[in-house]
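> Generate a structure from the sequence data that follows.
(2 chains)
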Amino acid sequence: MPFWHEQIAKWEASWREEQIDPLPRISLTPSNRRGTLTLNLFPLLKAQKEDPQKIVNKILSPLSGVVQCQELVKGFLNISFTPTFWGDFLREALHHPTTGYTQLRLAEREHIMVEYPSPNTNKPLHLGHLRNLCLGESVSRLWEQVGARVVRANLVNDRGIHISKSMLGWKRFFAPLTPQEAGKKGDHFVGDCYVAFEKAYRTEVENLVAKGLTEAEALVQAPLFQEAQALLRAWEAGETQTIALWRTMNEWVYAGFETTFQRLAVKFDRTYYESETYKCGKEIVEEALRRGIFFRSEDGAVWADLTPEGLGKKILLRRDGTSVYITQDLGTAEIKHREYPTLTRSIYVIGNEQDHHMHLLKALLKKLGKEYADKIYHLSYGMVELPSGRMKTREGTVVDADDLLDEMHARAYELTDTELSTAERHAIAEAVGQAAIRFYLLRVDPAKNIVFDPAESIDLKGFTGPFIQYGYVRAKKLLEKAAERGLAPLTTEYPPELHSIEESLLQYLYALPSFLESATYNLNPSLVAHYGYELTRRYNEMYQLLPVLSSEEPQRSFRLGLVATYLRAIHTVMEVLALPIPEKM
RNA sequence: GGCCCCGUAGCUCAAUCGGAUAGAGCACGGGAUUUCUAAUCCCGCGGUUGCAGGUUCGAGUCCUGCCGGGGUCGCCA
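Numbers count the residues shown, from 1 in each chain, chains lettered A, B, ... in the order given. As a prediction, this is how the structure comes out:
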């Protein structure tokens, strides 16, 4: 167990023996007050009408020897630790394989599946997918960090009317061109086909409306739409040429996605395709229909009655017998369970516009008696909006993922050291640019919408990814210089007194495991992003104001220990946020 | 209309089962570099936490009702 957990557990055990009830709540002392930890004694003081000083003595008795000073302000007991305590802590953090900052063993029994980003195959990835990818990857790494086994799963939406539209777009406007011939990434090329279709379709609809049809009628009667539907039916019927084109175009898209995934260092253990899982979903629904769990309406459609759950009625098979989106989801869930029966949690990283959909999925699985329904967690995240509002395909305001990565790379390149080689500068620019985007998308509570201002919001200074990278790089260089001079961290006795800046950094180093734990179980990487920023801010303050290499022993080796532990902690932070880790900037 | 999410400084965001004087970044103003990388640091400016009640030692946080924004609600994915 990490230092933090082990100690607090020990204290709590002895408090229980002393009949202290309720137990004090422990938190970090706010930075405007002296102290490392604050014990909240309000409930305790209220419950036990004893002399407060006596209670404080009882509370502090298991901490004797490590507490240097304490202060009771109203119900808050602020405590600071001795230099010896901190020296031992640094030693532990640096040298112990499990109490240190690698692979905290908090969740070794967990087996987690994280499903992300589950794109459609008719368009390239955009900023919304980037948020999804960053969240999914970070949550995966968080679970790994605390010792869980993780399966990264991607579910590809490779069937449906939208796919038919891009196929028809190609046939009409691009055939027989290939992405190579067009000089484009496959996913962008197919996206162009889709956009071309939509544009022509819009024109047809407008013409029909001009002839007196209503918008709704026009949308259905437009020849292009009719043709797209025919193509979908041909696909479902397994018509050879249609299937061949569908395969080809999907391969173009996958190749394009793969390039982006590799650039972002995400790699999936398992990829599911809706075109394969929807059949299983259909079987589940038909079986449940026979068992009377679902029912068929007069027109032939199949329904689930979720009125008792407060979710109304939900269609599962259209009257023509074809399956809808959720049917496929039932199948995918079942297949996941069959393949990975030991999963303890199955996390779906999906936007909050599907909150209702995910409620339906869980409720349906429960109705079907699937015990794994309770293991499903929806990591719901808000939309990425522009200052002008929602991104719109039709208005061309969608921020493309590849373009954004390129733009950030270019921006970061301008800041790199011109003394370095071009190759080195590009490597740094890529790391810094990506860190800027990733941190920006992760630092906000997932539940909240993000307003993305391309002109201002992505910055390379202040509360950003590069800020954290820079702290890491400087600390690393400092330790290298120390090593060159034969200086090692924590080799001698500890200093008799610590500077408040050192204490402030120690407080945050000490708290790392608690932040990781809480971010993991709450599926909320933003907690680590804020932690990483605050930790680095404190480190920078020390770096700026307190000399390390030029200070006297034992201060020097103690401070080297601080730097080394910071380096380890911030490395862990960058790791779980999936920020690239540059060695130079 | 029903249900869900959100509303905090000019802008973007924090605030750990309800806790101390609501904190950061950006922007703006001032300052720091013979010394470990200035993508840094320090100081200043900036608030009726959407509104009105309620619960209690204590409310940005919980409850009720409004206001504003977004999402979603039987054959799109």
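
> pLDDT below threshold where in the stretch 251-400 of chain A?
Scanning the stretch 251-400 of chain A for pLDDT under 70 picks out nothing.

> What parts of the stretch 101-250 of chain A come near RNA strand B?
The stretch 101-250 of chain A comes close to RNA strand B at residues A:Asn120, A:Asn157, A:Arg159, A:Gly160, A:Ile161, A:His162, as judged by CB under 7 Å from any atom of the strand. All C-beta spots, glycine's among them, are computed from the backbone N, C-alpha and C.

> Now for the last one: which residues touch it?
The neighbours of A:His162, taking CB atoms under 8 Å, 6 or more residues apart in numbering as the test, are A:Asn120, A:Asn122, A:Tyr194.

> Convert the C-alpha atoms of the helix or strand A:Ala363 falls within to PDB, please.
Here A:Ala363 is covered by helix A:355-367, with elements defined by DSSP states H and E. The C-alpha trace of helix A:355-367 is given here as PDB (Å, rounded to 0.1, in the frame of the first residue of the first chain):
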ATOM      1  CA  ASP A 355     -27.200   9.300 -21.400                       C
ATOM      2  CA  HIS A 356     -30.700   8.100 -22.100                       C
ATOM      3  CA  HIS A 357     -29.500   5.500 -24.500                       C
ATOM      4  CA  MET A 358     -27.200   4.000 -21.900                       C
ATOM      5  CA  HIS A 359     -29.900   4.000 -19.300                       C
ATOM      6  CA  LEU A 360     -32.000   2.000 -21.700                       C
ATOM      7  CA  LEU A 361     -29.200  -0.400 -22.400                       C
ATOM      8  CA  LYS A 362     -28.700  -1.200 -18.700                       C
ATOM      9  CA  ALA A 363     -32.400  -1.500 -18.100                       C
ATOM     10  CA  LEU A 364     -32.800  -3.900 -21.100                       C
ATOM     11  CA  LEU A 365     -29.900  -6.100 -20.000                       C
ATOM     12  CA  LYS A 366     -31.400  -6.200 -16.500                       C
ATOM     13  CA  LYS A 367     -34.700  -7.200 -17.900                       C
END
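
> Following element in sequence after it, please.
strand A:376-381.

> Taking helix A:355-367 as reference, get the angle to that next one.
For strand A:376-381 against helix A:355-367, the angle by axes from the mean of the first three to the mean of the last three CA atoms, to 10 degrees is 180 degrees.

> who does strand A:376-381 touch, helix- and strand-wise?
helix A:127-145, strand A:345-351, helix A:355-367 (3 or more CB pairs under 8 Å, 6 or more residues apart in numbering; DSSP states H and E).

> Using PDB, write out the CA atom coordinates for the longest one.
In this case it means helix A:127-145. Output of helix A:127-145 as PDB, limited to C-alpha atoms (Å, rounded to 0.1, in the frame of the first residue of the first chain):
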ATOM      1  CA  LEU A 127     -12.300  17.300 -31.800                       C
ATOM      2  CA  GLY A 128     -15.100  15.400 -30.000                       C
ATOM      3  CA  HIS A 129     -13.400  12.100 -30.800                       C
ATOM      4  CA  LEU A 130     -10.100  13.600 -29.400                       C
ATOM      5  CA  ARG A 131     -11.800  14.300 -26.100                       C
ATOM      6  CA  ASN A 132     -13.200  10.800 -26.100                       C
ATOM      7  CA  LEU A 133      -9.800   9.300 -27.000                       C
ATOM      8  CA  CYS A 134      -8.000  11.300 -24.300                       C
ATOM      9  CA  LEU A 135     -10.500  10.300 -21.700                       C
ATOM     10  CA  GLY A 136     -10.600   6.700 -22.600                       C
ATOM     11  CA  GLU A 137      -6.800   6.400 -22.700                       C
ATOM     12  CA  SER A 138      -6.400   8.200 -19.500                       C
ATOM     13  CA  VAL A 139      -9.000   6.200 -17.600                       C
ATOM     14  CA  SER A 140      -7.400   3.000 -18.900                       C
ATOM     15  CA  ARG A 141      -4.000   4.100 -17.700                       C
ATOM     16  CA  LEU A 142      -5.300   5.200 -14.300                       C
ATOM     17  CA  TRP A 143      -6.700   1.700 -13.700                       C
ATOM     18  CA  GLU A 144      -3.500   0.200 -14.800                       C
ATOM     19  CA  GLN A 145      -1.600   2.500 -12.500                       C
END
